[in-house]
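Visitor: Next come a sequence and a model predicted from it.
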Amino acid sequence: MKDYGPQYQKGSGTRQNAIRRDGGRGQAGSAWLWRASGVLAIVTVAIGMGFSLWMGYRINAGLDELTAWQHRRAEMEERHERLQQQRDSLLAAEKFQAAARKVGLYPPAPEQVKRM
């Protein structure tokens, strides 16, 4: 059998340029998909970083506000204790009797008190 192959081949050994049938999409069809997914990934990361920064800021602001409320509460508790001590000292019987003597009031005599 005679070999006709060598007479039809080029001497350089390069491949023949053939048109590929890939449904009309070609390399550009898959490139836009990769590019779109890359852009989507970058936008998603940017949004995630922005959200993370915003949440960090809000958490710090909330902690600062909580600290301020705790200081205010401690001050109010101290003031409450001082007011309770002052009230107790004002309600003491000795204070009432001293204030009554200044005004000219005296405790009643036993014959002045009558039970009904």
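Guide: Perfect, thanks for sending it. Residues are numbered from 1 along each chain as shown.
Visitor: can you count the residues close to residue 97?
Guide: Neighbour count for residue 97, taken as other C-beta atoms under 10 Å: 13. Where you see a C-beta, it was placed from the backbone N, CA and C, and this is true even at glycine.
Visitor: which other residues reach the stretch of helix or strand it belongs to?
Guide: Here residue 97 is covered by helix 93-103, with elements defined by DSSP states H and E. Contact partners of helix 93-103, identified using C-beta atoms under 8 Å, 6 or more residues apart in numbering, comprise 89, 106-107.
Visitor: what's the closest of these to residue 55?
Guide: Minimum distance to residue 55 across those is 51.1 Å, recorded for residue 89 (C-beta to C-beta).
Visitor: Could you look up the SS state of the closest one?
Guide: Of the three states, residue 89 takes helix under DSSP: H, G, I helix; E, B strand; the rest coil.
Visitor: how much space between the closest residue to it other than its chain neighbours and residue 87?
Guide: Nearest residue to residue 89, sequence neighbours excluded (C-beta to C-beta, 6 or more residues apart in numbering): residue 95, at 6.9 Å. Using C-beta to C-beta, to the nearest Å, residue 95 is found at 11 Å from residue 87.
Visitor: roughly how far is the host helix or strand of residue 69 from the heart of the chain?
Guide: Taking DSSP H and E as the definition, one finds residue 69 inside helix 26-90. Offset of helix 26-90 from its chain centre (C-alpha atoms, centre = their mean, to the nearest Å): 3 Å.
Visitor: relative to helix 93-103, how tilted is that helix?
Guide: Here helix 26-90 runs at an angle of 60 degrees relative to helix 93-103 (axes from the mean of the first three to the mean of the last three C-alpha atoms, to 10 degrees).
Visitor: avg pLDDT for helix 26-90?
Guide: Per-residue pLDDT values across helix 26-90 average out to 93.
Visitor: just checking, what packs against that helix?
Guide: The contact analysis (3 or more C-beta pairs under 8 Å, 6 or more residues apart in numbering; DSSP states H and E) places helix 26-90 against no helix or strand.
Visitor: Keeping just the C-alphas, turn the helix holding residue 97 into CSV.
Guide: The C-alpha trace of helix 93-103 is given here as CSV (Å, rounded to 0.1, in the frame of the first residue of the first chain):
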residue,chain,number,x,y,z
ALA,A,93,-36.3,61.9,117.1
GLU,A,94,-33.5,64.1,118.6
LYS,A,95,-33.7,66.4,115.6
PHE,A,96,-37.5,66.7,115.9
GLN,A,97,-37.3,67.5,119.6
ALA,A,98,-34.6,70.1,119.1
ALA,A,99,-36.5,71.8,116.3
ALA,A,100,-39.7,71.7,118.5
ARG,A,101,-37.9,73.3,121.4
LYS,A,102,-36.6,76.1,119.2
VAL,A,103,-40.2,76.9,118.2
